[in-house]
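A.B. asks: model this:
(chains A, B and C)
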Amino acid sequence: MPEIAEVETVVRSLRRRLLGGRIRRVEIYDPKLRGFDAARLKGRVIRDVQRAGKEIVIDVSTPKSPRWWCVHLRMTGALLWRPGGIPPTDRHLRLRAALDRGALFYFDSRRFGVMRLCASPDEFAPAGIDPLSRDFTIERLADLLRGAKTAIKPWLLRQDRLVGFGNIYASEVLFAAGIDPRRPAGGLSAREIKRLHRATTHVLLKAVECGGTTISDFADCDGECGGYQRYLKVYGREGERCRRGDGRIIRLVQQGRSTFYCPSCQQ
DNA sequence: CTCGGAGCCTGTCTGC
DNA sequence: TGCAGACAGGCTCCGA
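C.D. replies: Numbering: from 1, shown residues only, chains lettered A, B, ... in the order given. Predicted structure coming up:
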């Protein structure tokens, strides 16, 4: 489900709710999460909540025992905070963490989500550059793109060079940059790379500001839906008129995933 | 390096 | 109403 803007939104909402809270009890309801050492969380205080790529990182370190509780929501994972600790009715409840003033519930219908306890930041440090960080410059982007033969859209989905893109924002950013998703990544001109950089920053910041994109059920930990779906220009709009020019939105499949674009605005 | 396909899982929607 | 098939926002593995 969530891409960088949605994970950032969840992280911010979690930070508001969890900071300083002490974990009293953790219950796991999904055998797939058996490998997760939930017992080690008990008694720990939540020091911070950060984002590492698309992963949520909850710092539960003590001076003698550094530990980070890492959650990757993948497609359908969701974290919800309930002040009273009463769970929302959902048969996909996979984990419950009770704190002093409420409880955190983890849901995941498809069970693609991953949870782990890390002992060092090296274990969750993303390989790629975060497009919302200062490291994301035009020069770095140009370096990464150099020589790449893959089409730019599937290239954006690879997390080992840039982190955080998913299927929605990859299409949206390319539309904003006016670049055809089938173009070889390494074949973009300096001017196009500049446009891609600018579009990435612009689209992702706006999406974060809106609290992410809710197409079916994304929400932050308070159950608040995102608002960026109002601004989607191409994603999910196959056959509709382009909002900018005269074209109609086309859907095509690249490496097994849908890509949406406007053939008249994107060259 | 790059690509396509399968797999991990389950829910929803479409068409017959 | 039933049922098969396609499809879904993520990611990893394999073989060609």
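A.B. asks: Residue A:98 belongs to a helix?
C.D. replies: No - according to DSSP: H, G, I helix; E, B strand; the rest coil, residue A:98 belongs to no helix; its state is strand.
A.B. asks: OK, contacts around it?
C.D. replies: Neighbouring residues of residue A:98 by C-beta atoms under 8 Å, 6 or more residues apart in numbering: A:23, A:24, A:25, A:26, A:27, A:85. From N, CA and C alone the C-beta is placed, and that goes for glycine too.
A.B. asks: Which PyMOL command selects the buried ones in the residues you listed?
C.D. replies: Buried subset of the contacts of residue A:98, written as a PyMOL selection, criterion 16 or more other C-beta atoms under 10 Å:
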select buried, chain A and resi 23+26+85
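A.B. asks: Among the contacts of residue A:98, which lie within strands?
C.D. replies: A:23, A:24, A:25, A:26, A:27 (DSSP state E).
A.B. asks: Show the backbone phi and psi for the single nearest residue of the stretch 51-200 of chain A relative to DNA strand C.
C.D. replies: Nearest residue of the stretch 51-200 of chain A to DNA strand C: residue A:166, at 2.0 Å (C-beta to the nearest atom of the strand). Main-chain torsions, residue A:166, degrees, to the nearest 10: phi -130, psi -170.
A.B. asks: Equivalent analysis for the one 10 residues further on, please.
C.D. replies: Backbone torsions of residue A:176, given as degrees, to the nearest 10, read phi -60, psi -30.
A.B. asks: what's downstream of the longest helix along chain A, the next helix or strand?
C.D. replies: The longest helix of chain A (DSSP state H) is helix A:190-209. The helix or strand immediately downstream of helix A:190-209 is strand A:250-254, counting by DSSP states H and E.
A.B. asks: now that following strand, how far from the chain's geometric center?
C.D. replies: Distance, stretch centre to chain centre, for strand A:250-254: 22 Å (C-alpha atoms, centre = their mean, to the nearest Å).
A.B. asks: And for stretch A:258-267?
C.D. replies: That offset, for stretch A:258-267, works out to 23 Å (C-alpha atoms, centre = their mean).
A.B. asks: mind listing what residue A:56 touches?
C.D. replies: By C-beta under 8 Å, 6+ apart, the residues touching residue A:56 are A:7, A:10, A:11, A:14, A:49, A:50, A:70, A:71, A:72, A:73, A:79.
A.B. asks: same check, this time on residue A:169
C.D. replies: Counted by C-beta under 8 Å, 6+ apart, residue A:169 has contacts A:3, A:4, A:5, A:203, A:204, A:207.
A.B. asks: Go through the residues you listed and say which is closest to residue A:64.
C.D. replies: Minimum distance to residue A:64 across those is 33.5 Å, recorded for residue A:4 (C-beta to C-beta).
A.B. asks: quick revisit: so which of the contacts of residue A:98 reach DNA strand B?
C.D. replies: For DNA strand B, no contacts are drawn from the contacts of residue A:98 by C-beta under 7 Å from any atom of the strand.
A.B. asks: Among the contacts of residue A:98, pick out the one closest to DNA strand B, please.
C.D. replies: Distance to DNA strand B, by C-beta to the nearest atom of the strand, is smallest for residue A:27 among the contacts of residue A:98, at 18.6 Å.
A.B. asks: circling back to that earlier point, residues near the residue of the stretch 51-200 of chain A closest to DNA strand C, how many?
C.D. replies: When neighbours are counted by other C-beta atoms under 10 Å, residue A:166 registers 21.
A.B. asks: so it touches residue A:157, yeah?
C.D. replies: Yes - Residue A:166 is in contact with residue A:157 according to C-beta atoms under 8 Å; the separation is 7.0 Å.
A.B. asks: Up against DNA strand C, what does the stretch 1-150 of chain A have?
C.D. replies: So the stretch 1-150 of chain A meets DNA strand C at A:1, A:2, A:3, A:6, A:53, A:54, A:72, A:74, A:75, A:110, A:112 (C-beta under 7 Å from any atom of the strand).
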